[in-house]
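# Structure for this input, please:
(chains A and B)
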Amino acid sequence: MIGNEVFQDKTSPRSDTSSRGVRPKLLAVSSGGGHWVQLMRIKHAFEDCEVTYVTVHESYHAQVPSDKFCLVNDANLTTKFALLKAAAKLAWIVWKEKPDVVISTGAAPGYLALRLGRIMGARTIWIDSIANAEKLSISGDRIGHWADLWLTQWPHLARPKGPHYAGAVL
Amino acid sequence: MIFATVGTQGQFDRLIRTIDGWAGAHGRTDVFAQTGQSSYQAKYIRAERFLDPTEFRNRVENAALVISHAGMGSIITALELGKRIIVMPRQASLGEHRNDHQLATAKRFAEQGSIKVAFNELELIDLLDQVQVTNDAERIASQASPTLISTIRTFIETGDVHKHP
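Numbering: from 1, shown residues only, chains lettered A, B, ... in the order given. Below is the predicted model of the structure:
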């Protein structure tokens, strides 16, 4: 899984969206620490998109200085009030940005963002953290029904109806 | 320079105490630790509770060895910068995390051989005693695997979900 892979797709011709001159709007949501580091490792997949990052620490903005950036409070299942607060903030962001696609590497704020994005008609991508090597995360397990592209980073956790395995951030 | 890090979630006194003791016993004065919510007061190593991401990366960059909890942020950053890394997973039964996913992560990565794993304090001391902090490990690419990138890219562009076996 770890290798010196060089991704050389920068020159590949873009299909429909760029020929229409429209960049897809993408909302990329993650919690802090490893979730954010994993999001940074897939950001080359978004280079043809108008990206708004949503995460939990202002200091991360320095890593994506030219993109839009919003903050949300972190939350988990044991912090119900924080979950509600995050949901309200995310609802506002999703309403304002009207993304075509919502993507998340977890955790709870990403789950909420995908659910809210789906309500607003966005397509959704969930990439379960590579830290979940034995079973999916709670959010990652529950999001299946609402993730159009539902991925795990461990082949042995993939199932026929999803999540699917399509490589890892390492 | 050795850089130890425990991330931001909850105490991990066990890791800091072990490294502090090892540094004291070996007269190492070049150990710096990010201790998060740990309450143990280090005697031999320099410590700071939290670092911003830029400083965190600089600390890893300037380290010959990284010692860490089994958090993916630390592991990925160390591998990206080509650093040797020893991880000790947090354990839920000791109040170090909400669950034991760090144990599972550490086992999987130990099988791959890309990182060294200590499952307890004694194993950590053994690994520290063995370590040759001279050569950097090989750096990994700065991006995810090409298949993952192209799967996401294709989905964003077309909505197609390519199902991999």
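# got a pLDDT number for A:Asn4?
Reported pLDDT at A:Asn4 in the predicted model: 41.
# swap that for B:Gln130, sorry
89.
# residues touching it, list them.
For B:Gln130, the contact set (Cβ atoms under 8 Å, 6 or more residues apart in numbering or on different chains) is empty. To be clear about C-beta, it is placed using only N, CA and C from the backbone, and glycine gets the same treatment.
# how about 10 Å then?
B:Ile86, B:Lys116 (Cβ atoms under 10 Å, 6 or more residues apart in numbering or on different chains).
# for A:Pro163, same thing?
A:126-128, A:136, A:140-141, A:143-144, A:147, A:149-154, A:157.
# For B:His101, see how far away it is.
16 Å (Cβ to Cβ, to the nearest Å).
# Ok, A:Ser59 next?
A:Ser59 is 25 Å from B:His101, by Cβ to Cβ.
# So those two - more neighbours on which side?
B:His101 (20 against 14; other Cβ atoms under 10 Å in any protein chain shown).
# Distance of the more buried one relative to chain A?
Separation of B:His101 from chain A (Cβ to the nearest Cβ, to the nearest Å): 6 Å.
# from what I can see that residue touches A:Glu134, true?
Yes. When contacts are counted by Cβ atoms under 10 Å, B:His101 is listed as touching A:Glu134 (6.9 Å).
# burial measure for the residue of chain B at minimum distance from chain A, as a count.
Among the residues of chain B, B:Met72 lies closest to chain A, at 3.1 Å counting by Cβ to the nearest Cβ. Using other Cβ under 10 Å, B:Met72 has 25 other residues around it.
# wait, what's in contact with it?
With Cβ under 10 Å, 6+ apart, B:Met72 has these contacts: A:33-38, A:105, A:129-132, A:153, A:169-170, B:7, B:102, B:105, B:109.
# One more: A:Ala28?
A:Ala28 is in contact with A:36, A:39-40, A:42-43, A:45-46, A:49, A:51-55, A:64, A:67-68, A:99, A:101-105, A:110, A:113, A:125, counting by Cβ under 10 Å, 6+ apart.
# Name the residue of chain A that lies nearest to chain B.
A:Gly34 (3.1 Å).
# Once you drop chain neighbours, what's closest to that residue?
B:Met72 (3.1 Å; Cβ to Cβ, 6 or more residues apart in numbering or on different chains).
# any idea how far that neighbour lies from A:Leu84?
B:Met72 sits 27 Å away from A:Leu84, going by Cβ to Cβ.
# ranking the contacts of A:Pro163 by neighbours, who comes first?
Among the contacts of A:Pro163, A:Ile127 has more neighbours than the rest - 30 neighbours, counting by other Cβ under 10 Å.
# That residue touches A:Leu136, doesn't it?
No. Contact criterion Cβ under 10 Å: A:Ile127 and A:Leu136 do not qualify, at 11.3 Å.
# tell me, what residue is most central in chain A?
For chain A, the residue nearest the mean C-alpha position is A:Ser104 (1.7 Å; Cα atoms, centre = their mean).
# where exactly do the strands run in the chain?
As the question left the chain open, I've gone with chain A. With DSSP state E as the criterion, chain A has strands at A:25-29, A:50-55, A:68-71, A:101-104, A:123-127, A:149-152, A:164-165.
# please go with chain B instead
Using DSSP E, strands in chain B cover B:2-5, B:31-34, B:46-48, B:65-68, B:84-87, B:116-117.
# Quick one: those as TSV, columns for mean pLDDT too.
Shown next, in TSV, are those (pLDDT from 0 to 100):
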stretch	mean pLDDT
strand B:2-5	98
strand B:31-34	97
strand B:46-48	96
strand B:65-68	97
strand B:84-87	95
strand B:116-117	95
